[in-house]
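K.L.:
what's the 3D shape of this:
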Amino acid sequence: MRALITGITGFVGGHLAEHLIERGDEVVGLSSSGVWSGPSSHLAQAIRLEAFDLRVDSVESLTRLLARQRPDAVYHLAAQANPSASLSDPRETWELNLGGAMTLLEAVRASGLHPTPRVLLVGSGVCYGNPSPADLPVTERCPLRPNNPYAASKAAADLLGIQHALCWGTPVVIARPFNHAGPRQEDRYVLSSFARQVAEVERGTRPRLEVGNLEIVRDFTDVRDIVRAYRLLAEFGLPGEVYNIGTGRDISLTAMLEILRRLARRPVEVVVDPSRVRPVDQPLLLADSSKLRSHTGWQPEFKIEQTLSDMLDLWRSALDSQEDSSPS
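P.N.:
Numbering: from 1, shown residues only. Here you go, the predicted structure:
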């Protein structure tokens with residue numbers, strides 16, 4: 001399969017690219033910078049990267065790019081993906097998350113490729129907002145009640161994808177992953193922040209670990225399981241359909257933090273930092289992924305203990321490398 005990934009230089013994009021290459025796919029990537037950097041730079045030799053900014057570049061230019069690359073599948077990952085950041089800059093969030101999806105779908109429709117590439121639009125489980133107890137675990141039939149600009153813009157992009165499938169026959173499949181984490185995730189996300197802080201406490205460069213609301217309960221999936229689901233959906237998902245992705249297991253931030261503290265090489269003191277508490281946060285979000293499992297056979301392979309251990313080990317290595325490269 002020949003695949004095109006938007007947002008390939010991001011956290012999930014790098015893991016997806018690795019998985020597709022392992023499966024024998026040929027991969028082309030798009031990013032706004034057109035430059036490999038940081039954790040994804042090792043992919044530079046294996047993947048062609050093209051610069052394209054979905055916020056400003058035209059539908060016509062993307063149409064020409066698609067006609068030139070002729071992908072069998074398009075994985076649309078490019079997004080402003082941080083709920084907290086969306087609260088401080090909602091306009092940019094909407095411009096990329098909805099506007100970028102529109103640019104992509106219009107370009108796919110205009111490309112005239114036969115067969116039309118299958119498009120996997122990556123949404124988010126946070127589109128469901130704060131579900132009622134009767135709606136837990138959350139199925140795809142749960143009402144959308146987004147409570148931040150990130151969630152609202154992703155919900156709108158999902159509806160746009162469904163409209164394209166119903167109106168134009170574009171083979172669009174919607175993925176709604178719930179919380180996911182793994183090695184190479186930025187530390188602006190909660191579990192990566194915890195792992196980095198534990199590694200810093202171990203080194204003696206941080207006195208304690210600072211946290212926000214630990215009572216939140218989530219369904220966390222390893223990113224390596226998430227990208228396996230993406231490829232399965234690109235191959236077997238039904239156009240116009242929505243698929244939740246999650247383990248179906250709930251776990252609190254308190255419990256995940258305790259796993260990291262047990263993995264730590266020295267005692268870790270924890271304090272609450274009020275600035276880390278979001279103004280709006282769902283207390284509980286749990287996925288029902290039975291539709292995904294039924295249509296694709298997907299099952300999660302990584303347990304949360306392995307995910308957290310791998311994240312902590314990578315932060316240890318990253319901090320070691322930073323120290324080795326700093327001026328003496």
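K.L.:
Hmm, residue 232 is touching residue 293, no?
P.N.:
No - with contact defined as C-beta atoms under 8 Å, residue 232 does not reach residue 293; the gap is 10.0 Å. The way it works is simple: take the backbone N, C-alpha and C, and place the C-beta from them, glycine included.
K.L.:
So between the two, which is more surrounded?
P.N.:
residue 232 (19 against 16; other C-beta atoms under 10 Å).
K.L.:
How about the contacts made by that one?
P.N.:
Residue 232 makes contact with 292, 296-298, according to C-beta atoms under 8 Å, 6 or more residues apart in numbering.
K.L.:
What segments of the stretch 51-200 of the chain are helices?
P.N.:
According to DSSP state H, counting those that start in this stretch, the stretch 51-200 of the chain carries its helices in the segments 59-69, 83-88, 90-97, 99-111, 149-168, 190-203.
K.L.:
Just name whatever secondary elements the third one is in contact with.
P.N.:
Using 3 or more C-beta pairs under 8 Å, 6 or more residues apart in numbering; DSSP states H and E as the contact criterion, the neighbours of helix 90-97 among helices and strands are helix 149-168.
K.L.:
Please apply the same query to the shortest one.
P.N.:
Other elements packing on helix 83-88 under the criterion 3+ C-beta pairs under 8 Å, 6+ apart are helix 149-168.
K.L.:
Between helix 90-97 and the helix it packs on, find me the angle.
P.N.:
Calculated by axes from the mean of the first three to the mean of the last three C-alpha atoms, to 10 degrees, helix 149-168 forms an angle of 30 degrees with helix 90-97.
K.L.:
any idea how far residue 217 is from residue 312?
P.N.:
Using C-beta to C-beta, to the nearest Å, residue 217 is found at 22 Å from residue 312.
K.L.:
Looking at these two, which one has more neighbours?
P.N.:
Ranked by neighbour count (other C-beta under 10 Å), residue 217 and residue 312 place residue 312 first, with 24 against 15.
K.L.:
who's in contact with the more buried one?
P.N.:
Residues 195, 198-199, 260, 263-264 are the ones in contact with residue 312 under the rule C-beta under 8 Å, 6+ apart.
K.L.:
three-state assignment of it?
P.N.:
Under the three-state scheme (DSSP: H, G, I helix; E, B strand; the rest coil), residue 312 adopts helix.
K.L.:
mind listing the strands for the stretch 151-300 of the chain?
P.N.:
Using DSSP state E, counting those that start in this stretch, the strands of the stretch 151-300 of the chain run over residues 172-177, 180-181, 209-211, 217-218, 221-222, 242-245, 251-252, 270-272.
K.L.:
Sheet partners, orientation included, of the longest one?
P.N.:
Partner strands and pairing direction for strand 172-177 (DSSP bridges) are strand 118-122 (parallel), strand 242-245 (parallel).
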